[in-house]
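# Need coordinates for the following:
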Amino acid sequence: MENDSPQSALTPVEQFGVDVRALRVARRMSVRGLGSVIGCSGAYVSKVENAKLVPSERFAEGCDRAFDTGTMLTRQRQSAVEGDHPTWFEPYTQRERNATQILNYSTIFVPGLFQTPDYARAVYRASAPRLSTSAIESRLAARMRRHDVLEHSNPPEVWAVLYEACLRMLVGSSEVMAQQLERLMLESEAPNITIQLIPFTAVPASSTAFTLLGFDRAPTVLHVEGPHGGRPLETPKVVKTGLAIYDRLRAEALGHDASIARIEEIHKEYAR
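Numbering: from 1, shown residues only. I've put the predicted structure just below:
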């Protein structure tokens, strides 16, 4: 029998937040009170409960201590992070869909917004070799849905700065790379998309990949990727630093036309 309850539609990050809130309310604790016990702010607790960020391992362990739940929440978080569900990334993708400006800096892989199915599949197979084929295909479907933001009638301004390693690292095969670079060149023709390449001859201002999401009626958010998922950073000072670094990266990179010309040269190497 199918479960038609609202709970069945929750993503792992949403379910974790719901469970934390239920346990907190049952123990008559405020968000500030729980934060004080764990060692974080009440705002952080609120964001976890509302699925606006991926909870840290330290947070889950602190909740288990505060609620006397053994390792239940720690295991729930770990299962979600390492499991097969493709929607653990949903807090970011929700914001991405509403962004009016997307500033991406990639150091190793082509940005997810521009990835072809074969390229993305090869990345998943390499980064998560223990995932089943069905799990990979599920994650792949979720990633491909991200492309929808580029098809809107009023799409966001997208600016992608790629370190040359993104194009030189062989992902899948030469054929997969050739198709991926073709996709990049095609996307670059859109008036709302700018692509810049930082060649190996330059030392980039950052060694860490990140994305800045801008909105019409909300502050800019800095999103940084890590081994156990991404995390949003919203502190004005941190976001300001991220924007400054991004400006430096753009200054260090080749211009849009020169970058596309270089991508075309590399494409020919793969297509031989």
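
# The spatially closest residue to His147 that is not a sequence neighbour: what's it in contact with?
Nearest residue to His147, sequence neighbours excluded (CB to CB, 6 or more residues apart in numbering): Leu113, at 6.6 Å. Where you see a C-beta, it was placed from the backbone N, CA and C, and this is true even at glycine. Residues counted as contacts of Leu113 (CB atoms under 8 Å, 6 or more residues apart in numbering) are Ile102, Asn104, Arg146, His147, Val149, Leu150, Val158, Ala160.

# The fifth one: how many residues sit nearby?
Burial measure for Val149: 17 neighbouring residues, criterion other CB atoms under 10 Å.

# For it, give me phi and psi.
Backbone torsions of Val149, given as degrees, to the nearest 10, read phi -60, psi -20.

# Tell me if I'm right that it and Gln94 touch.
No. Look at Val149 against Gln94 with CB atoms under 8 Å: they stay out of range, at 11.0 Å.

# So for the helix or strand hosting Phe16, what gets flagged as buried?
Per DSSP states H and E, Phe16 falls inside helix 12-26. Of the residues in helix 12-26, Pro12, Val13, Glu14, Gln15, Phe16, Gly17, Val18, Asp19, Val20, Arg21, Leu23, Arg24 count as buried by neighbour count, 16 or more other CB atoms under 10 Å.

# how many other residues sit next to Leu167?
Leu167, neighbours per other CB under 10 Å, totals 21.

# and the gap between it and Gln76?
39 Å (CB to CB, to the nearest Å).

# now the helix holding Phe16, how far from the centre of its chain.
Centroid separation between helix 12-26 and its chain, computed with CA atoms, centre = their mean, to the nearest Å, is 23 Å.

# Show me what secondary structure element comes after that helix.
With DSSP H and E, the next secondary element past helix 12-26 is helix 31-38.

# on contacts alone, who are the packing partners of that next one?
With contacts taken as 3 or more CB pairs under 8 Å, 6 or more residues apart in numbering; DSSP states H and E, helix 31-38 sits against helix 42-49, helix 57-67.

# coming back round to it: per-residue pLDDT, the residue nearest to His147?
Looking at Leu113, its pLDDT is 90.

# and it, helix, strand or coil?
What DSSP: H, G, I helix; E, B strand; the rest coil gives for Leu113 is helix.

# ok, for Met144, nearest residue in space, not its chain neighbours?
Pro117 is the one closest to Met144 (CB to CB, 6+ apart), at 6.2 Å.

# roughly how far apart are the one you found and Val123?
Taking CB to CB, one finds Pro117 at 11 Å from Val123.

# Of those two, which one has the most company?
Neighbour count, other CB under 10 Å: between Pro117 and Val123, Val123 has more, with 21 against 14.

# so which strand or helix has that one?
Going by DSSP H and E, Val123 is in helix 117-127.

# go on, Ala142?
Going by DSSP H and E, Ala142 is in helix 133-145.

# any idea of the mean pLDDT in that helix?
Here the average pLDDT along helix 133-145 is 76.

# now stretch 34-46
Mean predicted confidence for stretch 34-46 is 93.

# Give me the distance between the two termini of that stretch.
Taking CA to CA, to the nearest Å, stretch 34-46 runs 10 Å from one end to the other.

# what do you get for stretch 242-261?
28 Å.

# contact partners of that stretch?
103, 105, 159, 161-162, 185, 188, 194-199, 202, 204-206, 210, 212, 220, 222, 233, 262.

# Give me the buried positions along stretch 36-53.
In stretch 36-53, counting by 16+ other CB under 10 Å, buried: Ile38, Cys40, Tyr44, Val45, Ser46, Lys47, Val48, Glu49, Ala51, Lys52, Leu53.

# Which stretches in the stretch 151-272 of the chain count as strands?
157-163, 193-198, 210-214, 221-226, 229-233 (DSSP state E, counting those that start in this stretch).

# Turn these into JSON lines, including mean pLDDT and mean neighbour count.
Putting the strands of the stretch 151-272 of the chain into JSON lines (pLDDT from 0 to 100; neighbours: other CB atoms under 10 Å) gives the following:
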{"stretch": "strand 157-163", "mean pLDDT": "96", "mean neighbour count": "22"}
{"stretch": "strand 193-198", "mean pLDDT": "96", "mean neighbour count": "21"}
{"stretch": "strand 210-214", "mean pLDDT": "94", "mean neighbour count": "21"}
{"stretch": "strand 221-226", "mean pLDDT": "82", "mean neighbour count": "18"}
{"stretch": "strand 229-233", "mean pLDDT": "68", "mean neighbour count": "17"}
